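# Got a sequence here, can you model it:
(chains A and B)
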Amino acid sequence: MSGGEVRVGVRVNGSREVGRAEPRTTLAEFLREELGLTGTHVGCEQGVCGACTVVLDGVAVRSCLVFAVQAEGCEVQTVEGLARDDGLHPLQQAFWDAQALQCGFCTPGFLMTALVALRERSDWDRAELRERLSGNLCRCTGYEPIVDAVLAAAEAVRNSGGEAAT
Amino acid sequence: MKTAAFDYVRAGSTAEALAGLGNGRDARILAGGQSLVPIMALRLATPEVLIDITRCPELNTHGAHEGVLTVGAAVTDGVLERDPEVRATHPLLVRTLSLIAHPEIRARGTLCGSLAHADPAAELPALLMATEGDVVVDGPAGVRHVPAVDFFPGPFTPALDEGEMIVAARLPTPGPGTGWAVEEISRRPGDFALAGVVCVVDLDGAGRCARAGIGLFGVASTPVRARAAEEVLMGEQPSHSVLDAAAAAAFDDIDVQGDEVHASAAYRRTAGRALVRMALGTAVRSASRGAA
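Residues are numbered from 1 along each chain as shown, chains lettered A, B, ... in the order given. Predicted structure coming up:
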């Protein structure tokens, strides 16, 4: 039958990337296997766990529910794009400081979800933020340190005039 | 957990998508993919061809005109819930969208895709039924409008003929005097509902119920109208006792389906009656405020 490889071009973390993928290759697989960006983790592969969350044209999406070919010409931001030359992204630093990770498997997805949540607003209260992050599953932390971290990062965003959410 | 192989077609227009559906292969329309891709990953669906409609300009439009919000087949839930015009003209839709999964799913999931998937536990088919919207379908026989009540003949089965696709949904917007509410019970925010209800109520000048639309989801093999409850309400002053009687009657003609894993039929019926009662109370209060 069919399903032969096609060319896929995307901009990932600011640089133009071109690869080949079968139509059935998900964006998550494409990032990991074709581009070698293994920071994006693959958990449930059916949209439930949130581990594979990336930012696609400015919105957080499940990269296991997007075929790579659908992302043709789009802008993708992954966890590899967060750290700066001078160290961790403020959100990553907040996770570090609050001990918001243990095994780390869910962390890239949480970071990308939280990044977009902080672009949406920086005045989250705890209850709203818990619901905003509820699409991502963590089996280690019990979530509270993650919420602590994102609230701390939100404060950093407010104090930096938004710079910390870029 | 990898989908079966398929050919991918990026349609540039509705005509291109329809041509792809009509070429004799087992083709499916791909819009947001938030339901279709998981069922493909589980190999519950193995289409030969996926026709991606997300870049068809005419399917990416939405707008309200003369009391009807028309939503193109490629418009995502996320776009709708952020749009100030939609927030102003159809707050019931915005509230209903907020109950669907999580923002990361709504960022790609589409309203029309939910209608095409026809999950009996989904909110949007019940909303379309309660508000008497319709589905705009295009195909070999041309464009036709299918009323919501006729669009969901069975579980996961939309009333689409061979070669047809949804191009838009038409959702009547609540008028200034229309009361509305949506309520559901789910284990966690974003989960599919164990039982849920969408309702709209209009009161006449004397405060009697002039129109009632009650759509139930998560309780039967398809979304259903609670006709018996609507009949109890029609022409009546919506007193507490009338609302109690309507809620009690809501499941009279409905074959409630339960399952071992999530909730029994008895639970769904009991919870559903409570939800209908809550929703009617909220809807009647907001209708009274709007009429005053």
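
# ok, residue 161 - how many residues close by?
Since you didn't name a chain, this refers to chain A. Neighbouring residues of residue A:161 were enumerated by other C-beta atoms under 10 Å in any protein chain shown; the total is 8. For the C-beta atoms, the positions are set from N, CA and C on the backbone; glycine is no exception.

# should've been chain B
What residue B:161 shows, counting by other C-beta under 10 Å, is a neighbour count of 10.

# ditto for the one 3 residues further on
Residue B:164 is flanked by 22 other residues according to other C-beta under 10 Å.

# before we move on, what about residue B:26?
Applying other C-beta under 10 Å, we find 10 other residues in the vicinity of residue B:26.

# where does it sit relative to residue A:23, distance-wise?
Using C-beta to C-beta, to the nearest Å, we find residue B:26 at a distance of 15 Å from residue A:23.

# Next: residue B:279.
Residue B:279 sits 43 Å away from residue A:23, going by C-beta to C-beta.

# Who has more neighbours out of these two?
The neighbour comparison of residue B:279 against residue A:23 (other C-beta under 10 Å) goes to residue B:279, with 27 against 24.

# Excluding sequence neighbours, find me the nearest residue to the more buried one.
Counting by C-beta to C-beta, 6 or more residues apart in numbering or on different chains, residue B:279 lies nearest to residue B:181, which is 4.0 Å off, once chain neighbours are set aside.

# I'd say that neighbour and residue B:286 touch.
Yes - A contact is recorded between residue B:181 and residue B:286 when judged using C-beta atoms under 8 Å, the distance being 7.3 Å.

# of those two, who's got more company?
Neighbours per residue (other C-beta under 10 Å) separate residue B:181 from residue B:286, with residue B:181 holding more: 25 against 20.

# quick one: what helix or strand has the more buried one in it?
Following DSSP states H and E, the helix or strand that holds residue B:181 is strand B:178-185.

# can you tell me which residues contact residue 47?
Reading this off chain A. Remark: with contacts taken as C-beta atoms under 8 Å, 6 or more residues apart in numbering or on different chains, residue A:47 is in contact with A:62, A:64-65, B:34, B:37-38, B:105.

# try chain B instead
With the criterion set at C-beta under 8 Å, 6+ apart, residue B:47 makes contact with B:6, B:26-28, B:40.

# ok, now with 10 Å
With contacts taken as C-beta atoms under 10 Å, 6 or more residues apart in numbering or on different chains, residue B:47 has the following neighbours: B:3-4, B:6-7, B:25-30, B:36, B:40.

# would you say it is within a helix?
No - following the definition DSSP: H, G, I helix; E, B strand; the rest coil, residue B:47 is coil and is not counted among the residues of a helix.

# which phi and psi does it have?
Recorded main-chain torsions at residue B:47 are phi -70, psi 150, according to degrees, to the nearest 10.

# Spit out the residues that contact residue B:181 and residue B:286 alike.
B:92, B:200-201.

# sorry, back to before: now, among the contacts of residue A:47, which is nearest to residue A:114?
Relative to residue A:114, the closest of the contacts of residue A:47 is residue A:62; by C-beta to C-beta it sits at 15.3 Å.

# Show the model's pLDDT score for the closest one.
As summarised for this prediction, residue A:62 has a pLDDT of 98.

# The residue of the stretch 101-250 of chain B found nearest chain A: how many residues sit nearby?
In the stretch 101-250 of chain B, no residue comes nearer to chain A than residue B:102, which is 2.8 Å away by C-beta to the nearest C-beta. The criterion is other C-beta under 10 Å. On that basis, residue B:102 has 23 neighbouring residues.

# rewinding a little: need the shared contacts of residue B:181 and residue B:286 in a markdown table (columns: pLDDT).
Compiled in a markdown table, these are given as follows (pLDDT from 0 to 100):
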| residue | pLDDT |
| --- | --- |
| B:92 | 98 |
| B:200 | 98 |
| B:201 | 97 |
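
# In helices, which of those residues fall?
Secondary structure from DSSP state H places residue B:92 of the shared contacts of residue B:181 and residue B:286 in helices.

# circling back to that earlier point, the residue nearest to residue B:279 is in contact with residue B:199, isn't it?
Yes - between residue B:181 and residue B:199 there is a contact at 5.6 Å, judged by C-beta atoms under 10 Å.

# Mutual contacts of the two, please.
With contacts defined as C-beta under 10 Å, 6+ apart, the residues adjacent to both residue B:181 and residue B:199 are B:92, B:130, B:214, B:275-276, B:278-280, B:282-284.

# Inside helices: which ones of those?
Among these, the members that lie in helices (by DSSP H) are B:92, B:130, B:275-276, B:278-280, B:282-284.

# in what helix or strand does residue A:115 lie?
Residue A:115 is located in helix A:107-120, with elements delineated by DSSP H and E.

# Remind me what that helix packs against, helices and strands.
Under the contact definition 3 or more C-beta pairs under 10 Å, 6 or more residues apart in numbering or on different chains; DSSP states H and E, helix A:107-120 sits against strand A:53-56, strand A:59-62, strand A:75-77, helix A:90-97, helix A:126-132, helix A:144-160, helix B:103-106.

# Show me which parts of that helix are buried, residue by residue.
A:107-119 (16 or more other C-beta atoms under 10 Å in any protein chain shown).
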